[in-house]
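Novice: this one's structure only:
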């Protein structure tokens, strides 16, 4: 295992663990907020209480109360929830650097999408994160009192950014870039808006004065944003497993459908405790999102090349040997891979036959393989492989 691969393992593992903790805490606190039992009107003993809840877990009962504190009344021990987010973002950025920036930005640049130098691609990638946060933050400071307008503009800008990424980077890189942008905005919300509000709450309590309500309302607003962005971000974190999505020529439209569906399902999960019907609408928007993906991914481009005659296995094997074996062999000759990706190998006829459906999907239809077309497969060769498979993929 090389240094890069080891770093990827460490950062990916840390990213997953920290992400589970961060998102788990976020969903738990949102659930608590929506299930608190409000104090009785006129209950002076609980005048600062915003509600209580009783739960059972791990063999005992828990009693949780959300409340404000009297001026000067601060407990000796106070738990903060910030490093789960911080570590999630830092390990995510580390993964972006190790996987997408190093090795000549091999996982980011695709000459068939846009021929740019690795340094330019990396500069665009990193710069868009900073610009994205500045634009989003400024927008909500300016239009925070008009949330519907600010939401519409924010979604429009997010979708525009995702579309632009698909026109600059390869599909996999564009999806991850969109996810890192969302994660950076969420992290900015935590560290630059929510935590300062909490610090002011503590400082005001210690000093015996009331907190600035504007800070509190703004922090709650940003917390809600993070809540709605959670499900879209989770899909993007897993998206490199779905070549049919990021490799499609309308990959930006697939991403839009899944992001809208994820946020929509999260919305109905949020409102289920307000007495509104939610299961039906949540299922409906989830099914509609998946149906849109099914429809979009079946829209095919006109083939760039057409093969008129028959193609036998000898020709198919020749193409696979030249274009696929440099990576998918017991000992890859491509310097980017120390082992065959996903342990897929095409060094024997039986192994080729076993992967015929994937060859059709990834090489012929979506054309995400060979990876970034590092072996320069031609449109005619893709068409020949497709013709051989359509003829029954016979080995003799």
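Specialist: The structure has been received and is ready for your questions. These numbers were taken from a predicted model, which means no experiment stands behind them. Numbering: from 1, shown residues only.

Novice: mind checking the longest helix of this protein?
Specialist: helix 3-35 (DSSP state H).

Novice: Could you name the helices and strands sitting against that one?
Specialist: Contact partners of helix 3-35 among helices and strands, from 3 or more Cβ pairs under 8 Å, 6 or more residues apart in numbering; DSSP states H and E: strand 60-67, helix 83-95, helix 213-238. Just so you know, the C-beta spots here come from the backbone N, C-alpha and C atoms, and that holds for glycine as well.

Novice: Please repeat the previous calculation with a cut-off of 10 Å.
Specialist: strand 49-57, strand 60-67, helix 83-95, helix 102-105, helix 171-189, helix 213-238, helix 251-270 (3 or more Cβ pairs under 10 Å, 6 or more residues apart in numbering; DSSP states H and E).

Novice: and these, which one is worst for confidence?
Specialist: The weakest mean pLDDT among those belongs to helix 102-105, with a mean of 84.

Novice: Give me the contact list for that one.
Specialist: 4, 7-8, 96, 99, 116-122, 125, 169-170, 173, 335-336 (Cβ atoms under 10 Å, 6 or more residues apart in numbering).

Novice: and the longest helix of the chain, how far out from the chain's middle?
Specialist: How far helix 3-35 lies from its chain's middle: 12 Å, per Cα atoms, centre = their mean, to the nearest Å.

Novice: Low-confidence regions, the protein specifically.
Specialist: Scanning the chain for pLDDT under 70 picks out 1, 44-45, 273.

Novice: Report the central residue of it.
Specialist: Centroid-nearest residue in the chain: residue 236, 2.3 Å away (criterion: Cα atoms, centre = their mean).

Novice: ok, that residue touching residue 179?
Specialist: Yes: applying Cβ atoms under 10 Å, one finds residue 236 in contact with residue 179, separated by 3.3 Å.

Novice: show me what contacts the residue lying closest to residue 377 once chain neighbours are set aside?
Specialist: Nearest residue to residue 377 in three dimensions, chain neighbours excluded: residue 323, at 4.3 Å (Cβ to Cβ, 6 or more residues apart in numbering). When contacts are counted by Cβ under 10 Å, 6+ apart, residue 323 touches 346, 363, 369-370, 373-378, 381-382, 385.

Novice: Just the ones of these in helices?
Specialist: Per DSSP H, the contacts of residue 323 map to helices at 381, 382, 385.

Novice: From residue 319, how far out is the second one?
Specialist: The span separating residue 382 from residue 319 equals 9 Å under the rule Cβ to Cβ, to the nearest Å.

Novice: and what of the last one?
Specialist: To residue 319, residue 385 is 6 Å away according to Cβ to Cβ.

Novice: shared neighbours, the two?
Specialist: 311, 359, 363, 377.

Novice: Now for residue 236 and residue 179: what residues contact both?
Specialist: Contacts common to residue 236 and residue 179, judged by Cβ under 10 Å, 6+ apart, are 162, 255.

Novice: what's around residue 299, how many residues?
Specialist: Using other Cβ atoms under 10 Å, residue 299 has 10 neighbouring residues.

Novice: Show me the common contact partners of residue 382 and residue 319, please.
Specialist: 359, 363.

Novice: Residue 174 is in contact with residue 164, correct?
Specialist: Yes: here residue 164 reaches residue 174: they are 8.7 Å apart, a contact under Cβ under 10 Å.

Novice: who's more crowded, those two?
Specialist: Counted by other Cβ under 10 Å, residue 164 and residue 174 do not tie: residue 174 has more neighbours, with 26 against 16.

Novice: gap between that one and residue 371?
Specialist: The value you get for residue 174 to residue 371, if Cβ to Cβ is used, is 15 Å.

Novice: got it, and residue 388?
Specialist: Per Cβ to Cβ, residue 388 is found 21 Å from residue 371.

Novice: Just want to know which of those two has more residues nearby.
Specialist: Regarding residue 388 and residue 371, a neighbour count based on other Cβ under 10 Å identifies residue 388 as having more, with 26 against 21.

Novice: What helices and strands are in contact with the strand or helix carrying the more buried one?
Specialist: Residue 388 belongs to helix 379-390 when assigned by DSSP states H and E. Packing partners of helix 379-390 (3+ Cβ pairs under 10 Å, 6+ apart): helix 313-323, helix 356-359.

Novice: Return the most buried member of these.
Specialist: helix 313-323 (a mean of 18; mean count of other Cβ atoms under 10 Å).

Novice: Check which helices and strands the first helix or strand past that one going along the chain sits against.
Specialist: In the C-terminal direction, the helix or strand that comes right after helix 313-323 (DSSP H and E) is helix 349-354. Under the contact criterion of 3+ Cβ pairs under 10 Å, 6+ apart, helix 349-354 touches helix 313-323.

Novice: residues in contact with residue 305?
Specialist: Contacts of residue 305 (Cβ under 10 Å, 6+ apart): 378, 379, 380, 381, 382, 383, 384, 386.

Novice: Got a quick ChimeraX command for the buried subset of the residues you listed?
Specialist: Of the contacts of residue 305, the buried ones can be selected in ChimeraX as follows, counting by 16 or more other Cβ atoms under 10 Å:
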select :381,382,383,384,386
